[in-house]
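Asker: only geometry, no sequence info:
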């Protein structure tokens, strides 16, 4: 799948980088979800879902990105960072985002089965700004491609 | 802290092993929480909180134990396993437990600040049997010791 070019530093620009990560997951036959973490306009972490490859249900793109970003910064908190993730995080990832005190979270498509918003509970840190819907169609297209392959 | 001996294979026996892990966390100046995962009466994973050591907020005892247990079993699911953890899991760990399809979860002390039950939402897998309060006093004693040291 080719990705459009967007203006540097725009939300769509960073989400496209997350989509490139999701594409890497798809290429490995993993549910295609990708994430990047941005701090001072710079991408400091990139990750994609690896649950099948690692036989580890905790290896979601976001979890790996949190760990990598904290490792890069040498601290635990990501309050000056923004997570861009192609699919709405699950409860586990929202709970992890809480602990990181994440500054911002922007997700693409909503997850109508396992999205954290479905719980109706306030799971994120009060300091986390949330936006959604950025390049949601592109995210869904990758997911649909994955499930189409699984069925055939 | 010395631990009492309990009957082999009793819940208190396994929880004592989780308390030993929590003690290791305390010895490293980490919030003392420990966990073991039991499958067919055998402990297949042991872990303690390492968030400070690893600068990683996702390095909770439970998360590490899930990853280790799945690695040991060579599969993703822990539906025939029971997690023994000294403190009530947080939202992140409850969300991870969901993905593992955990068979049983037994925790010691309740976490009155960040326990997953405080959300009021149903976060665990419907197949997960839950019990709590096992050696809760011993778990709280370790936590109080940690916070006492922090204050002095």
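Answerer: Nice, I can see it. Given the structure is predicted, the values throughout are model-derived calculations rather than measurements.
Asker: wait, residue A:64 sits on residue A:50?
Answerer: Yes - with contact defined as C-beta atoms under 8 Å, residue A:64 reaches residue A:50; the gap is 7.0 Å. (Glycine included, C-beta is placed from N, CA and C.)
Asker: what's the helix or strand containing residue A:99 packed up against?
Answerer: Assignment of secondary structure by DSSP states H and E places residue A:99 within helix A:91-100. Counting contacts by 3 or more C-beta pairs under 8 Å, 6 or more residues apart in numbering or on different chains; DSSP states H and E, helix A:91-100 is packed against helix A:61-73, strand A:81-87, helix B:91-100.
Asker: hmm, the shortest one in reach of chain B?
Answerer: This points to strand A:81-87. No - Strand A:81-87 stays clear of chain B (C-beta under 8 Å from any C-beta of the partner chain), getting no nearer than 12.7 Å.
Asker: Provide the strand pairings for that strand, with the direction of each partner.
Answerer: strand A:34-39 (antiparallel), strand A:104-109 (parallel) (DSSP bridges).
Asker: okay, those in a markdown table with mean pLDDT and mean neighbour count next?
Answerer: Below are the strands paired with strand A:81-87 laid out as a markdown table (pLDDT from 0 to 100; neighbours: other C-beta atoms under 10 Å in any protein chain shown):
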| stretch | mean pLDDT | mean neighbour count |
| --- | --- | --- |
| strand A:34-39 | 98 | 26 |
| strand A:104-109 | 98 | 24 |
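Asker: how about the residues of chain A near chain B?
Answerer: Close to chain B, as judged by C-beta under 8 Å from any C-beta, chain A has residues A:51-52, A:55-58, A:63, A:66-67, A:70-71, A:74-77, A:90-96, A:98-100, A:119-123.
Asker: Just the buried ones from those residues?
Answerer: A:51, A:55-58, A:63, A:66-67, A:70, A:76-77, A:90-96, A:98-100, A:119, A:121, A:123 (16 or more other C-beta atoms under 10 Å in any protein chain shown).
Asker: low pLDDT regions in chain A?
Answerer: A:1 (pLDDT under 70).
Asker: List the beta-bridge partners for the residue nearest in space to the middle of it.
Answerer: The residue lying closest to the centre of chain A (C-alpha atoms, centre = their mean) is residue A:85, at 2.3 Å. Counting by DSSP bridges, residue A:85 forms beta bridges with residue A:35, residue A:107.
Asker: Would you check how far apart it and residue A:45 are?
Answerer: From residue A:85 across to residue A:45, the span is 11 Å (C-beta to C-beta, to the nearest Å).
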